[in-house]
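Asker: Next comes the sequence, and after it the predicted model I'd like to discuss.
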Amino acid sequence: MEAFRVIRNSSFLVILLISLCSLSTVRSQLTADFYAKSCPNLKRVVFREVFKALQNEIRMGASLLRLHFHDCFVNGCDASILLDGSNGEKFALPNLNSARGFEVVDAIKAAVENECNGTVSCADILALAARDSVVLCGGPSWNVLLGRRDGLVSNQSGANSGLPAPIDPLNTIIAKFNAVGLNVTDVVTLSGGHTIGRARCVTFSNRLFNFSGTGAPDPSLDSNLASQLQTLCPQNGDGNVTTALDQNSTDVFDNHYFKNLKINDGILSSDQILYSGDAAGVNPTTRSLVDAFAAANGSIFLLSFVNSMIRMGNISPLTGSAGEIRKNCRVVN
Ligand code: HEM
Ligand SMILES: *[C@@H]1O[C@H](CO)[C@@H](O)[C@H](O)[C@H]1NC(C)=O
Ligand SMILES: *[C@@H]1O[C@H](CO)[C@@H](O)[C@H](O)[C@H]1NC(C)=O
Ligand SMILES: *[C@@H]1O[C@H](CO)[C@@H](O)[C@H](O)[C@H]1NC(C)=O
Ligand SMILES: *[C@@H]1O[C@H](CO)[C@@H](O)[C@H](O)[C@H]1NC(C)=O
Ligand SMILES: *[C@@H]1O[C@H](CO)[C@@H](O)[C@H](O)[C@H]1NC(C)=O
Ligand SMILES: *[C@@H]1O[C@H](CO)[C@@H](O)[C@H](O)[C@H]1NC(C)=O
Ligand SMILES: *[C@@H]1O[C@H](CO)[C@@H](O)[C@H](O)[C@H]1NC(C)=O
């Protein structure tokens, strides 16, 4: 009797341990074939729509990649950034007059609903559209893990506090990545997303005329590039004017972003500090990662980018019966 109880107790313990283990793997419940039966043409449909959008405007690739990033860093990859409403994430500082591509996401969602309605989450559409954008800009491809569900809230304060700002010190940026389970390798790798896309004058004008009250431009900004940008972004000018984040190969997904940092051609302060450091000094880890990613044909960067995108796509997904499959990406059902 006593022995039986011990056995029962220990098997209870084993079951407890097994369930604890599966709890800790909640983050990797996503699978590449999640919609294989329920929406077999999903990947073709999304790719076709992203292709059309980039044919119309190549920059849209960058905008769609950034939407997935800004989604995942706030309440996990749950399409919370897509919800309309002036108290939501769209009106948070990092997104206001900045995040774009919402109409394209609507078009992709409409095409997907036409193919298999009520089945595919908006969060998964963002993950697929980001991958297809990278591919269409000449970057690497990967198997996107799927099965995310859509969140019920848009978290404006979470976006304001959780998304990195271009004037953040490097340690703050690293801390914001750590807060969502990403490390320094992910910081440098994913910053390489700035190999495509544009930035507005307001996001880097602090570097151009009176950097940190010195009366001069940021010393870690190349002086020729500084005078070009001063002309483009005069003091009291239109802060919405844009320039390429990668001045060398603007719409091509390659490793020129990192080559640029080595010649002080980073656009944002948050870009250049990965290599040149900030007031706190140079971070040897981020600097040597930039060196590695800038090397030769960029194969190290492209491989690392795939790994980090999968890690970013795994940030706290809603799975099982949590959340919902939105009918319209802009509103909860
Ligand atoms: C490391 C911290 C980061 C900071 C501080 C940052 C900041 C910014 C800023 C200020 C802009 C310009 C926005 C505007 O002018 O309205 C921008 C654009 C962009 N960011 Fe980041 N970013 C970071 C990381 C990332 C990551 C992880 C990705 C994706 C993997 C990414 C992808 C992009 C893209 C593609 C654009 C261009 C968007 C477009 O042209 O529409 N960024 N980022
Ligand atoms: C899918 O479409 C069918 C036919 O239009 C409709 O009857 C059904 O309610 C829709 N299902 C969902 C989940 O939207
Ligand atoms: C919003 O984000 C913050 C920071 O991550 C978090 O503490 C808070 O619980 C979130 N709020 C909602 C309603 O999800
Ligand atoms: C970050 O995490 C990845 C994946 O676990 C690992 O390969 C890499 O070495 C880590 N980077 C640092 C700087 O710890
Ligand atoms: C630069 O900024 C500092 C303080 O922010 C100010 O005292 C100084 O007058 C400014 N210099 C110029 C040339 O505008
Ligand atoms: C940028 O454009 C938006 C919308 O058109 C406008 O509301 C905003 O004031 C502009 N911002 C700057 C810095 O000029
Ligand atoms: C781009 O980089 C290459 C070397 O990788 C260099 O030869 C070329 O001059 C650069 N072009 C621009 C516009 O910076
Ligand atoms: C890039 O270089 C690496 C190592 O030198 C090599 O193995 C790889 O095949 C090259 N990739 C391309 C696309 O040229």
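Answerer: That came in fine, so what should we check first? Residues are numbered from 1 along each chain as shown. Ligands and ions are numbered 1, 2, ... in the order given.

Asker: Now do the helices in the stretch 151-300 of the chain.
Answerer: Per DSSP state H, counting those that start in this stretch, the stretch 151-300 of the chain carries helices over the ranges 156-162, 170-178, 184-191, 223-232, 256-262, 269-276, 284-294, 299-313.

Asker: where do the strands sit along the stretch 101-250 of the chain?
Answerer: For the stretch 101-250 of the chain, applying DSSP state E, counting those that start in this stretch gives strands covering 198-200, 242-244.

Asker: residue of the stretch 101-250 of the chain with the smallest distance to ligand 2?
Answerer: In the stretch 101-250 of the chain, the residue that lies nearest ligand 2 is Gly118 (2.5 Å; Cβ to the nearest ligand atom). For every residue, glycine as well, the C-beta is placed using N, CA and C.

Asker: Show me the one of the helices of the stretch 151-300 of the chain that comes nearest ligand 7.
Answerer: Comparison of the helices of the stretch 151-300 of the chain against ligand 7 by Cβ to the nearest ligand atom identifies helix 256-262 as nearest, at 5.6 Å.

Asker: For Gln29, see how far away the residue of the stretch 101-250 of the chain found nearest ligand 6 is.
Answerer: In the stretch 101-250 of the chain, the residue found nearest to ligand 6 is Gly239; the distance is 2.9 Å by Cβ to the nearest ligand atom. Per Cβ to Cβ, to the nearest Å, Gly239 is found 42 Å from Gln29.

Asker: So between these two, which is more surrounded?
Answerer: Gln29 (16 against 12; other Cβ atoms under 10 Å).

Asker: check contacts around the more buried one.
Answerer: The contact partners of Gln29, taken as Cβ atoms under 8 Å, 6 or more residues apart in numbering, are 147, 317, 319-320.

Asker: hmm, which of those are the buried ones?
Answerer: 147, 317 (16 or more other Cβ atoms under 10 Å).

Asker: In CSV, list the contacts of Gln29 along with secondary structure and pLDDT.
Answerer: Shown next, in CSV, are the contacts of Gln29 (DSSP: H, G, I helix; E, B strand; the rest coil; pLDDT from 0 to 100):
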residue, secondary structure, pLDDT
Gly147, coil, 98
Pro317, coil, 98
Thr319, coil, 98
Gly320, coil, 96
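
Asker: gap between the closest residue to ligand 8 within the stretch 51-200 of the chain and ligand 3?
Answerer: Closest approach between the stretch 51-200 of the chain and ligand 8, counting by Cβ to the nearest ligand atom: Pro140, at 9.9 Å. Going from Pro140 to ligand 3 by Cβ to the nearest ligand atom, to the nearest Å gives 30 Å.

Asker: Which pLDDT value does the model give that residue?
Answerer: If you check Pro140, the pLDDT there is 98.

Asker: How about the residue in the chain positioned nearest to ligand 3: what's its closest non-neighbour residue?
Answerer: Nearest residue of the chain to ligand 3 (Cβ to the nearest ligand atom) works out as Gly158 at 2.6 Å. Nearest non-adjacent residue to Gly158, counting by Cβ to Cβ, 6 or more residues apart in numbering: Val74, 4.7 Å away.

Asker: next one: Ser316
Answerer: Once flanking residues are discounted, Ser316 sits nearest to Gly76: 3.0 Å by Cβ to Cβ, 6+ apart.

Asker: got a list of what Thr285 touches?
Answerer: Counting by Cβ under 8 Å, 6+ apart, Thr285 touches Val184.

Asker: and the spatially most central residue of the chain, what are its phi and psi?
Answerer: Taking Cα atoms, centre = their mean, the centroid of the chain lies closest to Phe69, which sits 2.0 Å from it. Main-chain dihedrals, Phe69, degrees, to the nearest 10: phi -60, psi -50.
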